[in-house]
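S.K.: Sequence below, structure please.
(one chain, ligands or ions: 2)
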Amino acid sequence: MHIGQVIFNGAVNAAIFEDGGARRIRGLDLLGLLKRAESEGVALPQLAAKLADSALQNVQPILPIHPPEVWGCGCTYETSASFRDAEHGTREGMYAYVYREARPEIFFKGTSRMCTGPGQGIGIRIDSKFTAPEPELAVLLGSRGRIVGFTLANDVSAWDIERENALYLTQSKVYNACCAIGPVILTADSLPDPYHLEMTCTITRGGAQLYSGSVNTSRLHRRLEALVEFLTRANDVPCGTVLLTGTGIIVTHESALAPGDVVTISVPEIGALSNPAVQVG
Ligand code: DO4
Ligand code: MG
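M.R.: Ligands and ions are numbered 1, 2, ... in the order given. Next up, the predicted model:
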């Protein structure tokens, strides 16, 4: 099932997305629906199917959930680790170490305040000259780290700030509109194998394609359950947390984002997440 959120009469409602439109779930946003499913002990798709209107509405998806917390994983693909070690001239391959060792890199990416949905702006910090999209598979977590669904995310990052000094990582990662999520969530029962997804990313400028790249999630060096296990060790993340699983697509220097560029991340099973870049000051 594809599930997410729509705006209806000014209110955020959860909705099931089908060919031809969305079936609204009145009075609940997706976080509310997920919490209710947990408290009633029913699966999210089951409760959604029971509560959804039968009529299809012609409405566009918005941010599929307002997550209380968003976390990111890093260096989970070899391309990300080797690019960063080469770029940053790090001592003793700091990024390769994290790629190789059992403990993954996990960082706090923000709250729903930093998140943007389909079609909304993704931020380029005013003090960054090289901001890049990081296209990533994301997992939606219920209570106690249970994976309830999958979506796409753009871990937009100021790579020049990260490169200047590793201790600037938080400033390169966390700022206004630094995280796009969507377009919808594919519930876990509909995706038994998340390790064979073909993900593409394009950047267009003035309608012309500036960059195109792809990766298959078979290149992901970690099991999703292992990432979740490290995230939730001594850290009781709340129901509705979204975990970004790292980028395997590294854009070129020439593709540093400029205001007006449009980044599109696609996985056929999930959908396409498109966002224009905007400067945030
Ligand atoms: O340490 C840098 C962050 C890495 C990251 O976000 C990624 O690999 O996706
Ligand atoms: Mg990332």
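
S.K.: Helices of the stretch 151-281 of the chain, start to end?
M.R.: In the stretch 151-281 of the chain, the helices defined using DSSP state H, counting those that start in this stretch lie at 159-164, 169-173, 224-231.

S.K.: Buried by neighbour count: which residues of the longest one qualify?
M.R.: In this case it means helix 224-231. By neighbour count with 16 or more other CB atoms under 10 Å, helix 224-231 contains the buried residues 224, 227-228, 231. Quick note: C-beta positions are derived from backbone N, CA and C, even for glycine.

S.K.: repeat for stretch 170-186
M.R.: Residues of stretch 170-186 classed as buried by neighbour count (16+ other CB under 10 Å): 171-175, 177-186.

S.K.: right, is that stretch up against ligand 2?
M.R.: No. Applying CB under 5 Å from the ion, one finds stretch 170-186 separated from ligand 2 by no less than 7.8 Å.

S.K.: and that stretch, what's its mean pLDDT?
M.R.: Taken as a whole, stretch 170-186 carries a mean pLDDT of 98.

S.K.: So for it, first residue to last residue, what's the gap.
M.R.: 29 Å (CA to CA, to the nearest Å).

S.K.: From the chain's centre, how far out is that stretch? Work that out for me.
M.R.: 6 Å (CA atoms, centre = their mean, to the nearest Å).

S.K.: And for stretch 179-199?
M.R.: For stretch 179-199 - counting by CA atoms, centre = their mean - the centre lies 10 Å from the chain centre.

S.K.: ok, the residue in the stretch 51-200 of the chain positioned nearest to ligand 1 to ligand 2 distance?
M.R.: Residue of the stretch 51-200 of the chain nearest ligand 1, by CB to the nearest ligand atom: Gly74 (2.8 Å). To ligand 2, Gly74 is 6 Å away according to CB to the ion, to the nearest Å.

S.K.: Need the phi and psi values for that residue.
M.R.: When read as degrees, to the nearest 10, the backbone of Gly74 gives phi -130, psi 160.

S.K.: Run through the bridge partners of it.
M.R.: In this entry, Gly74 is beta-bridged to Glu105, by DSSP bridges.

S.K.: All set now, cheers.
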